[in-house]
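**Q** coords below, sequence missing:
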């Protein structure tokens, strides 16, 4: 992967801090597997069983791992019966173990759930309901079991439709974990050789490049990526981005700039893939889908497990002409992509989103939470920035000297302090210094007050009051 992080795009008005110590996604807020001797006997035993069966590839959160036994709404409960406010998990989008989703899936599993090469009314009912939430140009859907499968399929469709191979992604993105998707997911730890057809561009860091500079730089970097491809004889196939740049550090930016970048990609013969696994389903508050905030319609949209509240489901929503080109030479079959149990879960999620008015809640509670965090930041100089949209917020921890230097150590300390105080979160960004706040969509003002109070207490315990 070639990076444009130092390319000749517009400079900021004043120099930003030099940042090093890039972190990979599995290293963020991770438990050190060499420190089991510091744990109580029961927790250490679980960790050892995990290591023995899983091997070294499965990471855990926190300095003291959390053993959870059940979930309900915005709460997770540990083995001792203590409850924790979940401010991190977006996959249970309408709440952990939502009874309507549980009942719908259980009923369907007790009735029929087999492969997709038969006719089921419920699957087409779900497809029609889901597609009705998208712009009319996006009128086909292919179901998968995971977001990774969906991104992998979208990349195949883009390359077949355009005849190109070049992919533009952001510098610390995470889109999934198949071989093809890992190549466009620099946040993943990978020793595999970089794909020369993938060019990375910096995410729009609106904290260090304010007042529209970050957005201008992003569009300019996309233009330069296209030019670099063309200079090497690589035809652009696609740009992929999630509209809030979640793994890059949560950068919603000024609405509209992503559409400007999309126009450049299309003018060069490529297509635009919107990864809506994290920002979709009303999480950003203002719209059902994150790309709508930018006033453009992508060519392909990838969805993942939040669409089933954690039940394994994903998909690609597509322009029919792109799917026609793909289908003319390539079939696609996914045994349980489009199963009846998937459809039951998906329909229940759509029903709950509507009946519990969760998109409106994301907008209103998100504004309330953001205002409270901004007020708190005025008393804690180490909180350098609060940003986001709806119930997707980023809180950036920095050295409190005006340099805007990322403070990973403080971020990790705060995450572990919050875990002790009963609030669950984790970090994001290239330097692991940004708290990514994305709770289940039933998170309300009382939960926001609790989060703010506990964060204030942890910051004061760390001597961070200004």
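**A** Perfect, thanks for sending it. Please read these numbers as outputs of a predicted model, since none were measured by experiment.

**Q** mind checking the backbone torsions on the residue nearest the centre of the chain?
**A** Centroid-nearest residue in the chain, with Cα atoms, centre = their mean: residue 278, separated by 3.7 Å. The phi/psi pair for residue 278 (degrees, to the nearest 10) reads phi -100, psi -40.

**Q** Skipping adjacent residues, who's closest to it in space?
**A** Leaving aside its sequence neighbours, residue 278 sits nearest to residue 246 (Cβ to Cβ, 6 or more residues apart in numbering; 4.7 Å). In this view, the C-beta of every residue, glycine as well, is placed from N, C-alpha and C.

**Q** List the contacts of the one you found.
**A** 174, 278-279, 392, 428, 436, 438 (Cβ atoms under 8 Å, 6 or more residues apart in numbering).

**Q** Between the residues you listed, which sits nearest residue 227?
**A** The nearest member of these to residue 227, counting by Cβ to Cβ, is residue 174 at 26.2 Å.

**Q** Pretty sure the closest one sits against residue 247.
**A** Yes - Residue 174 is within contact range of residue 247, at 4.0 Å (criterion: Cβ atoms under 8 Å).

**Q** residue ranges of the strands in the stretch 301-450 of the chain, please?
**A** 314-318, 383-389, 392-397, 423-424, 426-428, 434-437 (DSSP state E, counting those that start in this stretch).

**Q** The second one pairs with which strands, parallel or anti?
**A** For strand 383-389, the paired strands and their directions (DSSP bridges) read strand 392-397 (antiparallel).

**Q** Also the fifth one?
**A** Sheet partners assigned to strand 426-428 using DSSP bridges are listed as strand 434-437 (antiparallel).

**Q** Which residues does the partner strand contact?
**A** So strand 434-437 is contacted by 87-88, 246, 249-250, 369, 388, 391-397, 411, 414-415, 425-428, 451 (Cβ under 8 Å, 6+ apart).

**Q** got it, and stretch 407-418?
**A** So stretch 407-418 is contacted by 21, 23, 29, 62-64, 382, 397-399, 424-427, 431-435, 454-455, 458-459, 461-462, 464 (Cβ under 8 Å, 6+ apart).

**Q** Show me which pair in the contacts of residue 246 is furthest apart.
**A** Maximum distance among those (Cβ to Cβ): 14.8 Å, for 174 and 392.

**Q** quick one on the thing from earlier: in a markdown table, list the strands of the stretch 301-450 of the chain along with mean pLDDT.
**A** As requested, those are exported to a markdown table (pLDDT from 0 to 100):
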| stretch | mean pLDDT |
| --- | --- |
| strand 314-318 | 98 |
| strand 383-389 | 97 |
| strand 392-397 | 98 |
| strand 423-424 | 98 |
| strand 426-428 | 93 |
| strand 434-437 | 97 |
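
**Q** Which residue is most remote from the mean position of the protein?
**A** residue 41 (34.6 Å).

**Q** circling back: make CSV out of the strands of the stretch 301-450 of the chain and add distance to residue 337 and mean neighbour count.
**A** Shown next, in CSV, are those (distance: least, Cβ to Cβ, whole Å; neighbours: other Cβ atoms under 10 Å):
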stretch, distance to residue 337, mean neighbour count
strand 314-318, 7, 28
strand 383-389, 30, 23
strand 392-397, 26, 26
strand 423-424, 30, 22
strand 426-428, 28, 26
strand 434-437, 28, 27
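
**Q** Indicate which one of these is closest to residue 223.
**A** strand 383-389 (24.8 Å).

**Q** Need the contact partners of whichever helix or strand residue 69 is part of.
**A** Residue 69 belongs to strand 68-72 when assigned by DSSP states H and E. Strand 68-72 is contacted from outside by 76-79, 84, 86, 92, 95-97, using Cβ under 8 Å, 6+ apart.

**Q** okay, and for the stretch 151-300 of the chain, where does confidence drop off?
**A** Residues of the stretch 151-300 of the chain meeting the criterion pLDDT under 70: 189, 191.

**Q** For it, which segments count as strands?
**A** In the stretch 151-300 of the chain, the segments counted as strands under DSSP E, counting those that start in this stretch are 166-170, 198-201, 236-241, 271-275, 300-303.
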